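Peer 1: From the sequence below, what's the structure:
(one chain, ligands or ions: 2)
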Amino acid sequence: MSASPRSPRTVDPVRNASTSPDAMIQLHGVVKSFSNAAGEFTVLKGVDLTIKRGEFVSIVGKSGSGKSTLLNMVTGIDHPSDGLVVVNGTDIYTGVTESQRSKWRGKNLGIVFQFFQLLPMLTLLENVMLPMDYVDMYDFDERPKRAMELLTLVGLDKFANKLPVLVSTGQQQLAAIARAMACDPPLLVADEPTGNLDTKSSDTIIGLFQHFVEQGKTIVMVTHDPSLTSRTDRNIILSDGELINETLAKSLPQLRHRHMLEFTKLVEERTYQPHETIISRDEHVEYFFMIRQGEVEVVLQDKKKNESVVSRLSDGEFFGEMELLRNGKSIANVRAGSKPVEVLALPRADFVRVMNESPITAEAVAKIVQKRLEAHRIPDYRAADR
Ligand code: ADP
Ligand code: MG
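Peer 2: Ligands and ions are numbered 1, 2, ... in the order given. From the prediction side, this is the model:
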């Protein structure tokens, strides 16, 4: 980043201790409100989010939950009402003019929309060259070659001199992606890039995104399509302008977003040291636990007090449910593995209430419990123990 007064200022890591060098995007307390005839309403309600360099992240959420608004905060297309947005080391709103932000955007990020927004009077090649002209990147004579390479990468070299209307919608989106990557930005932001496409074209586009991620790019993609979220490294859910705890969403994917959001506000984060007891046998279990990071051991004791580890659970798995669902005491000890483990603890009463309200989740949890019982023949143990 040049230090000229015309470029957006780079965040001073000393003044901004929370800025980490391996983060591509950092949002701190981002609020966005709009006012209309009915008054003011808040679309983003204090979003905190860090996306690391090289991550491929999908963002999902119901229509109107604030996904596009969130992306617009990252791209600088719109501006937050409150909070801090740091992208690629730059605080993009503090003391930065609209035109500085626009130049910054041209060099730092590529943007892809649902409706491609190619200029209709320009050929695909000319469309891809536009951003290079805008930020004055690459020698003038080099631009066609560079644009052609990108079109070749997305499989459109044969159509380079055609106008957008003469190719399919899938091909128009591929050209829009080539245009977004024209200045080789480290970050690609895409708002429902496959929303208007058939399955085959969507598939091609996700494959292309995966290719860019392998090259070290960071990609943030809003999508409606649940089949695409399994192909990203990380999935973020937005519900009514708030982010859902990612561990929770991973552990209980069947929950309704409104329940996930409710739980997000109720969970307590805890860390247990290596081998520290989390649940003791014969004690009432007061929490449902979800593992954020690390491993726990489920340990049974026979009559002679010989211990055996019957299962090990890790990230995105849960425990404490067998007892909670049965309203009883623990049949096993659960303890941290050989490294510290971070868990989310949800109070028992809240867990039970939502299981009653969400039969699909209750059924899914029951299935996992059944599988574990069978896998470890825990009933045998219990029988022997009585
Ligand atoms: P999503 O992309 O998740 O469907 P949006 O971020 O587009 O949701 O919109 C979230 C809410 O903010 C909606 O209720 C929408 O009507 C409102 N909204 C978005 N942009 C504006 C705007 N420029 N002015 C007023 N309201 C807006
Ligand atoms: Mg949207």
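
Peer 1: Any idea how far apart the tips of stretch 72-88 sit?
Peer 2: 15 Å (Cα to Cα, to the nearest Å).

Peer 1: buried ones in it?
Peer 2: For stretch 72-88, burial by neighbour count (16 or more other Cβ atoms under 10 Å) applies to 72-77, 80, 83-88. For glycine as for every other residue, the C-beta is placed from the backbone atoms N, C-alpha and C.

Peer 1: could you dump those to TSV with distance to ligand 2 and pLDDT?
Peer 2: Compiled in TSV, these are given as follows (distance: Cβ to the ion, whole Å; pLDDT from 0 to 100):
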residue	distance to ligand 2	pLDDT
72	9	96
73	13	97
74	13	97
75	13	95
76	17	93
77	12	91
80	17	96
83	20	96
84	23	96
85	18	96
86	23	96
87	19	96
88	23	94
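
Peer 1: ok, those vs ligand 1, which is closest?
Peer 2: Checking these against ligand 1 by Cβ to the nearest ligand atom gives residue 72 as the nearest, at 7.6 Å.

Peer 1: For the closest one, which non-adjacent residue is closest in space?
Peer 2: residue 78 (3.9 Å; Cβ to Cβ, 6 or more residues apart in numbering).

Peer 1: now do residue 364
Peer 2: Excluding its sequence neighbours, the residue lying closest to residue 364 (Cβ to Cβ, 6+ apart) is residue 254, at 4.8 Å.

Peer 1: Can you check my assumption that the one you found lies in a strand?
Peer 2: No. Secondary structure assignment (DSSP: H, G, I helix; E, B strand; the rest coil) places residue 254 in coil, not in a strand.

Peer 1: just to revisit the earlier point, give me the three-state assignment for the residue nearest to residue 72.
Peer 2: Judged by three-state DSSP, the three-state class of residue 78 is coil.

Peer 1: which residues sit in contact with it?
Peer 2: 32, 69, 72 (Cβ atoms under 8 Å, 6 or more residues apart in numbering).

Peer 1: Secondary structure element for the last one, which one?
Peer 2: Right, residue 72. helix 67-75 (DSSP states H and E).

Peer 1: try the first one
Peer 2: In this structure, residue 32 is located in strand 23-36 according to DSSP H and E.

Peer 1: Tell me the strands beside that strand, with direction?
Peer 2: The pairing partners recorded for strand 23-36 under DSSP bridges are strand 39-52 (antiparallel), strand 82-87 (antiparallel).

Peer 1: ok, the first one near ligand 2 or not?
Peer 2: No. In terms of Cβ under 5 Å from the ion, no part of strand 39-52 sits within range of ligand 2; the closest distance is 10.9 Å.

Peer 1: Point out the other helices and strands that the very next helix or strand once past that strand packs with.
Peer 2: Reading on from strand 39-52 to the C-terminus, the next helix or strand found by DSSP H and E is strand 56-60. Packing contacts for strand 56-60, counted by 3 or more Cβ pairs under 8 Å, 6 or more residues apart in numbering; DSSP states H and E, involve helix 67-75, helix 199-214, strand 218-222, helix 226-229, strand 234-239.

Peer 1: Pull the residues that contact the helix holding residue 72.
Peer 2: By Cβ under 8 Å, 6+ apart, helix 67-75 touches 25, 27, 30, 32, 43-44, 47, 59-61, 77-80, 85, 87, 105, 109, 111, 189, 191, 220, 222, 238.

Peer 1: Give me the buried entries from those residues.
Peer 2: Buried subset of the contacts of helix 67-75 (neighbour count, 16+ other Cβ under 10 Å): 25, 27, 30, 32, 43-44, 47, 59-61, 77, 80, 85, 87, 105, 109, 111, 189, 191, 220, 222, 238.

Peer 1: Keep only those that also lie close to ligand 1.
Peer 2: Among those, proximity to ligand 1 is found for 43, 61 (Cβ under 6 Å from any ligand atom).

Peer 1: Which stretch among the helices and strands packed on strand 56-60 is buried most, on average?
Peer 2: strand 218-222 (a mean of 24; mean count of other Cβ atoms under 10 Å).

Peer 1: just how off-centre is that strand within its chain?
Peer 2: Put simply, strand 218-222 sits 8 Å off its chain's centre (Cα atoms, centre = their mean, to the nearest Å).

Peer 1: Also stretch 163-182?
Peer 2: With Cα atoms, centre = their mean as the basis, stretch 163-182 stands 26 Å off its chain's centre.

Peer 1: Now that we have the buried residues of stretch 72-88, can you turn them into CSV and tack on distance to residue 198?
Peer 2: Output for these, formatted as CSV (distance: Cβ to Cβ, whole Å):
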residue, distance to residue 198
72, 27
73, 31
74, 28
75, 27
76, 32
77, 28
80, 36
83, 38
84, 40
85, 35
86, 37
87, 32
88, 34
